[in-house]
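>>> What follows is a predicted structure for the sequence shown.
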Amino acid sequence: MTNLTPQGKTTVAPDVIVTIARMAALSVPGVSRMANVSGGVNRLFKRGVHDGVRIEIEDNVATANLYLILKGDVNIREVGRNVQKQVARTLQEMIGMDIGSIDIHIEDIDYEEETAPA
C-alpha cells in the first residue's frame with residue numbers, strides 16, 4: 001500500500017486572517033475590546049477595518065494594525081507587547097504566514113468597568 005499525498009492547495013480568506021488576529025488580541029489580559037476604525041485611503045488589500053483589525057498581505061507577509069480599547073488598570077506598553085507576541089504567534093502557528101509587523105494603536109481606555117456599581 002502506497003502512501004499518496006493528494007495534490008492541491010489551501011487558501012485562507014482574508015476575513016479568516018482578520019478573525020484570527022482579532023481573537024488572539026482579545027485573548028490577551030488587559031484588552032477590553034477592539035475599537036472601530038474607518039477605512040483609509042488605500043483599501044485595496046485591507047480587511048476588517050470595522051473590527052479593530054487592519055491586515056495587509058503582500059508576498060505572503062502579513063502586516064497588521066490593531067486598534068484596541070484597554071482596561072483601565074493595565075500597563076499600556078506591556079499589554080501592547082503581549083498583543084504583538086500573541087497575534088504573531090497565533091498567525092504563524094495557524095496559518096504559517098510570515099509577519100512583517102504588528103502595530104498597536106490604543107484608541108481608548110475602559111474606565112467604566114471599574115467605576116460601575118457592584
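All right, it came through fine. Residues are numbered from 1 along each chain as shown.
>>> For I95, the count of nearby residues, please.
15 (other CB atoms under 10 Å). Glycine gets a C-beta too; all of them are placed from N, C-alpha and C.
>>> Spatially nearest residue to it (excluding sequence neighbours)?
Counting by CB to CB, 6 or more residues apart in numbering, I95 lies nearest to V12, which is 5.8 Å off, once chain neighbours are set aside.
>>> now that neighbour, what's its secondary structure?
Assigned with DSSP: H, G, I helix; E, B strand; the rest coil, V12 falls in the coil class.
>>> Hmm, it is touching A62, no?
No: here V12 does not reach A62: they are 10.7 Å apart, not a contact under CB atoms under 8 Å.
>>> ok, these two, which is more surrounded?
Set side by side, V12 and A62 show more neighbours around A62, with 22 against 13, by other CB under 10 Å.
>>> nearest residue to the more buried one other than its sequence neighbours?
Excluding its sequence neighbours, the residue lying closest to A62 (CB to CB, 6+ apart) is M97, at 5.1 Å.
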